[in-house]
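Engineer: Got a predicted structure here, sequence first:
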2 protein chains.
Amino acid sequence: MIAANKKTALTLADDVENLLLDYMRRNHLSAGDSLPKEEELVERLQVSRHIVREGLSRLKALGLIESRRRRGMVMQHPGLFMGLKKLAKAELIPDSGLRDLLEMRVTIELGMCVYIYQRKTPVQIDRLRRFAGLPEQYTQPKELEIAFHTELVKIAGNAAVNQFSDILAVVFEPIISHRKLEGRTSTHQDICDTLESGSLADFRRTMEIHLAPYTEKPLII
Amino acid sequence: MIAANKKTALTLADDVENLLLDYMRRNHLSAGDSLPKEEELVERLQVSRHIVREGLSRLKALGLIESRRRRGMVMQHPGLFMGLKKLAKAELIPDSGLRDLLEMRVTIELGMCVYIYQRKTPVQIDRLRRFAGLPEQYTQPKELEIAFHTELVKIAGNAAVNQFSDILAVVFEPIISHRKLEGRTSTHQDICDTLESGSLADFRRTMEIHLAPYTEKPLII
DNA sequence: CGTCTTTATATGTTGAACATATTATACTAC
DNA sequence: GTAGTATAATATGTTCAACATATAAAGACG
């Protein structure tokens, strides 16, 4: 198990990127704080302004900072899945990745049933019902299916899961097989009903039935 | 609900980043393919080389490409969670985010029980046992706890989940409360045993008991 | 045919300069 | 003194023109 197949020698911009990340960590910077200005970084790191800007640019790509003229580079609340978001939007995730992500997404929803049930409020259920039974609002039934589940999982109130779920909502449409969904025996209406007035066990069972087409063996495509 | 609080006018580097992503999508580029060389991009996009390099640098930050001297920019299989990985390594995820991620991670493991059980092999179980009962290999019991669960979830064979789980393994150690784990009634050995020779229901119940400290109400810290 | 040398090429790095938006300051008017 | 406006200062945005360097490809040589 020899260590390095890594030929790629570290470039100066790579170093700057890491040094900036390290600077943020050491100084416990959080959203709203600013980084030293480019000129100062040039002096402290002893590299050209160009390289500094490349390093900063990478932090922008990660959604960590935003640059504002005359104010400098200010930190943002980092989106946990910014990279995934860009990959998804650019449709650069290979099919194998999409399948894994779909399995992951469905698994999360199933596992989150407990929290959804625990943390539900009447308002949220009302809101959810709007996505449950009004297909005429959407041209494609698939979109309705996705929107409903995106909304459902939001009830659990887990911010990380919500970001994840929102991003994925865009990319699943093409890989969901409509035929597989037709045979199921529990509807979105049923889910709303059991969530509102059933037991946790009822709700979970309804969800399991509803998601069965996704969890069965040869997973779509 | 007025639309735009977005003051940040798009910079040229932003455009280049998006154009490059779009170029990859349109041409169905995947790992191994190369992008046009910088000089060519300069001509086609009519911006300075510096700007082109900034755009390319951002794709590097996302792990989408790697630059090799004299060969150009070649695409990599994109890590789905490259952004999260960098945030985690730099310890830039706020505590609220870590809590959500831990809940997400535990939820996934619980939901993945079915697949773990379905896809297990004797070899994997043997490997898992190495992390189950040999605390002397680790200085901190917490590290053992994390390593075991990281290994366990790998049996499901979901690449996306594996990446996610590997990244998170590094950051959870500080936020896991050791005291809460002490009272539980199912051990890593029990998990191995039921996975090997119990029913799916047995395995799932053992997992639920084991993960109970994580799923109980006031989630750590 | 294989090994070494040379050359061409794409990325890596630097410097100096100018453009531009926006904050901060100074100034005017009421 | 406060409000509104003109002015200057400042940090980021952009460009151009070089030179450095690693390395893949071509050529020379045994």
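Structural biologist: Yep, that arrived.

Engineer: my read: residue A:115 touches residue A:154, true?
Structural biologist: No - between residue A:115 and residue A:154 there is no contact, the gap being 11.0 Å when judged by C-beta atoms under 8 Å. Where C-beta positions appear, they are placed from N, C-alpha and C, glycine not excepted.

Engineer: what's the overlap in contacts for those two?
Structural biologist: Among the neighbours of residue A:115, none is also in contact with residue A:154 (C-beta atoms under 8 Å, 6 or more residues apart in numbering or on different chains).

Engineer: how does chain A divide into domains?
Structural biologist: Domain assignment for chain A, taken from automatic domain parsing, gives A:12-75, A:82-215.

Engineer: Can you flag the weakest of those domains by average pLDDT?
Structural biologist: Lowest mean pLDDT within the domains of chain A: domain A:82-215, at a mean of 88.

Engineer: And the pLDDT at residue A:77?
Structural biologist: The model reports residue A:77 with a pLDDT of 94.

Engineer: neighbours around the nearest residue to it once chain neighbours are set aside, how many?
Structural biologist: Excluding the flanking residues, the one nearest residue A:77 by C-beta to C-beta, 6 or more residues apart in numbering or on different chains is residue A:31, at 4.5 Å. The local packing of residue A:31 (other C-beta atoms under 10 Å in any protein chain shown) involves 12 other residues.

Engineer: cool, residue A:35 as well?
Structural biologist: Neighbours around residue A:35, by other C-beta under 10 Å: 21.

Engineer: Isn't it up against residue A:56?
Structural biologist: Yes - contact criterion C-beta under 8 Å: residue A:35 and residue A:56 qualify, at 7.5 Å.

Engineer: shared neighbours, the two?
Structural biologist: Counting by C-beta under 8 Å, 6+ apart, the shared contacts of residue A:35 and residue A:56 are A:20, A:65, A:73.

Engineer: measure the second one to DNA strand C for me?
Structural biologist: In this structure, residue A:65 and DNA strand C are separated by 16 Å, where distance is defined by C-beta to the nearest atom of the strand, to the nearest Å.

Engineer: can you pull up the bridge partners for that residue?
Structural biologist: Using DSSP bridges, the beta-bridge partners of residue A:65 come out as residue A:75.

Engineer: give me the number of residues near it?
Structural biologist: Neighbourhood size, residue A:65 [other C-beta under 10 Å]: 25.

Engineer: ok, now the first one?
Structural biologist: By the criterion of other C-beta under 10 Å, residue A:20 has 24 neighbours.

Engineer: Ramachandran coordinates for it?
Structural biologist: With angles defined as degrees, to the nearest 10, residue A:20 sits at phi -70, psi -40.

Engineer: right, and it touches residue A:53 too?
Structural biologist: No - counting by C-beta under 8 Å, residue A:20 does not reach residue A:53; the two are 11.5 Å apart.

Engineer: What segments of chain A are strands?
Structural biologist: Taking DSSP state E as the test, the strands found in chain A are A:65-68, A:72-75.

Engineer: what comes up buried for the first one?
Structural biologist: Neighbour-count burial for strand A:65-68, with 16 or more other C-beta atoms under 10 Å in any protein chain shown as criterion, is recorded at A:65, A:67.

Engineer: Could you find the closest non-adjacent residue to the residue nearest the centre of chain A?
Structural biologist: Closest residue to the average C-alpha location of chain A: residue A:164 at 1.9 Å, with C-alpha atoms, centre = their mean. Residue nearest to residue A:164 in three dimensions, not counting chain neighbours: residue A:81, with 5.7 Å by C-beta to C-beta, 6+ apart.

Engineer: and that neighbour, how far is that from residue B:82?
Structural biologist: When distances are taken as C-beta to C-beta, to the nearest Å, residue A:81 and residue B:82 turn out to be 10 Å apart.

Engineer: do residue A:187 as well
Structural biologist: 39 Å.

Engineer: Name the residue in these two with the higher neighbour count.
Structural biologist: Comparing residue A:187 with residue B:82 by other C-beta under 10 Å, the one with more neighbours is residue B:82, at 23 against 14.

Engineer: dump the residue contacts of the more buried one.
Structural biologist: Listed by C-beta under 8 Å, 6+ apart, the contact partners of residue B:82 are A:83, B:61-63.

Engineer: Now for those residues: which two are most distant?
Structural biologist: Longest distance between any two of the contacts of residue B:82 is 8.4 Å, between A:83 and B:61; criterion C-beta to C-beta.

Engineer: any shared contact partners between the two?
Structural biologist: With C-beta under 8 Å, 6+ apart as the test, residue A:83 and residue B:61 both reach A:62, B:82.

Engineer: Against residue B:32, how distant is the nearest residue to residue A:148 once chain neighbours are set aside?
Structural biologist: Nearest non-adjacent residue to residue A:148, counting by C-beta to C-beta, 6+ apart: residue A:131, 4.2 Å away. Going from residue A:131 to residue B:32 by C-beta to C-beta gives 41 Å.

Engineer: Give me the more crowded residue out of the two.
Structural biologist: Just comparing residue A:131 and residue B:32: by other C-beta under 10 Å the higher neighbour count belongs to residue A:131, 20 against 9.

Engineer: I'd guessed residue A:107 sits against residue B:116; true?
Structural biologist: No - judged on C-beta under 8 Å, residue A:107 makes no contact with residue B:116 at a distance of 10.9 Å.

Engineer: Which residues are in contact with the residue nearest to residue A:148?
Structural biologist: If you count contacts by C-beta under 8 Å, 6+ apart, then residue A:131 has A:144, A:147-148, A:151, A:188 around it.

Engineer: Next, find the distance separating it from residue A:192.
Structural biologist: Separation of residue A:131 from residue A:192 (C-beta to C-beta) stands at 9 Å.

Engineer: repeat for residue A:33
Structural biologist: 43 Å.

Engineer: Looking at the two, which is more packed in?
Structural biologist: More neighbours surround residue A:192 than the other of residue A:33 and residue A:192, with 20 against 13 (other C-beta under 10 Å).

Engineer: Go ahead and confirm that one touches residue A:129.
Structural biologist: Yes - counting by C-beta under 8 Å, residue A:192 sits close enough to residue A:129 to count as a contact (5.3 Å).

Engineer: related to what we said a few turns ago, from what I see, the residue nearest to the centre of chain A and residue A:105 are in contact.
Structural biologist: Yes - assessed by C-beta under 8 Å, residue A:164 is found in contact with residue A:105 at 7.5 Å.

Engineer: rewinding a little: what sits against the residue nearest to residue A:164?
Structural biologist: Counted by C-beta under 8 Å, 6+ apart, residue A:81 has contacts A:163-164, A:167, B:81, B:83-84.

Engineer: hmm, 7 Å instead?
Structural biologist: Shown in contact with residue A:81 (C-beta atoms under 7 Å, 6 or more residues apart in numbering or on different chains): A:163-164, A:167, B:83-84.
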